[in-house]
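K.L.:
What would the 3D arrangement of this be:
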Amino acid sequence: MKVNFKHLVLLPLLFSLGLLGGCAAPAKVTSMTVMPAHHEVAGNNSALKNKVIVSSVTGGEETNPMWTSEIDSAGFKKALEDSLKFAGLADMGQSAASYRLETQLLSVNQPLVGFDMTVTVVAAYKLYNAANEKLVWSKQYSSPYTATVSDAFVGFQRLQLANEGSAKANIKMLVDHLLQMEKKDL
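P.N.:
Presented below is the predicted three-dimensional model:
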């Protein structure tokens, strides 16, 4: 039997390209959203109960399917709005919001390759009094999250999971802080 060495060399190369050749997808809103089971819900005496609206999110990046998963501004904004709603902090249109939240994604630090992929989202939040536009509170959070090979074998999926986990952790830090704010802080 004659062995064709060209086929032996091409087979691993084609297999590798097949693993790498998947399409990157943006971070999913539902995977970045913090659900009520992950934190408390605003009580009746909470200073911000039903009073916050997300006015803007900037700094996100669109995903290029041929490159890497990213967190876009619109997706992060929707996850943030949903998280605030589930926490009882979002103004649900019953009245004019008392406070507006501006968010800027300062950075999404990602590895290009790796078995364990750690992504760190750094976001700055500013809370304004909607009536007089006075800055009430400002904070920056950095949230690392690691996705491992056991989470997803394929690298681009692992990166997407790390993006989503890091964004969710960042939003959770914000929500937890807002839930702890008292009237004297505002």
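
K.L.:
Could you pull up the contacting residues of the residue most central in space within the chain?
P.N.:
Residue closest to the mean C-alpha point of the chain, counted by Cα atoms, centre = their mean, is Ala167 at 2.3 Å. Residues counted as contacts of Ala167 (Cβ atoms under 8 Å, 6 or more residues apart in numbering) are 27, 32, 71, 76, 79, 121, 143. For glycine as for every other residue, the C-beta is placed from the backbone atoms N, C-alpha and C.

K.L.:
Ramachandran coordinates for the last one?
P.N.:
Okay, so that is Ser143. phi -140, psi 100 (degrees, to the nearest 10).

K.L.:
in the sheet, who's paired with it?
P.N.:
Val121 (DSSP bridges).

K.L.:
all helices in the chain, in order from the N-terminus.
P.N.:
Taking DSSP state H as the criterion, the chain carries its helices at 5-20, 29-32, 73-86, 155-180.

K.L.:
quick one: which of those helices is nearest Gly114?
P.N.:
Proximity to Gly114 (Cβ to Cβ) singles out helix 155-180 among these, at 7.8 Å.

K.L.:
that older thread, of all the helices of the chain, which lies closest to Ser107?
P.N.:
Using Cβ to Cβ, those put helix 155-180 closest to Ser107, at 10.8 Å.

K.L.:
For the closest one, what does the pLDDT average out to?
P.N.:
Averaged across helix 155-180, pLDDT comes to 91.

K.L.:
ok, the residue lying closest to Ala90 once chain neighbours are set aside - contacts?
P.N.:
Counting by Cβ to Cβ, 6 or more residues apart in numbering, Leu84 is the residue found nearest to Ala90 once chain neighbours are left out, at 4.0 Å. By Cβ under 8 Å, 6+ apart, Leu84 lies in contact with 52, 54, 90, 101, 175, 178.

K.L.:
neighbours of the closest residue in space to Phe115 that isn't next to it in sequence, just the number please.
P.N.:
Using Cβ to Cβ, 6+ apart and skipping the chain neighbours, the partner closest in space to Phe115 is Val149 (5.2 Å). Around Val149 sit 13 other residues, with neighbours defined as other Cβ atoms under 10 Å.

K.L.:
thinking Val149 is in contact with Gln157, fair?
P.N.:
No: contact criterion Cβ atoms under 8 Å: Val149 and Gln157 do not qualify, at 10.5 Å.

K.L.:
ok, back up a step: any chance of the contacts of Leu84 in TSV, with distance to Asn132 and neighbour count too?
P.N.:
Converted to TSV, the contacts of Leu84 look like this (distance: Cβ to Cβ, whole Å; neighbours: other Cβ atoms under 10 Å):
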residue	distance to Asn132	neighbour count
Val52	16	25
Val54	19	22
Ala90	21	23
Leu101	16	25
Val175	25	22
Leu178	19	26
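
K.L.:
Least confident secondary structure element in this protein?
P.N.:
helix 5-20 (a mean of 44; mean pLDDT, DSSP states H and E).
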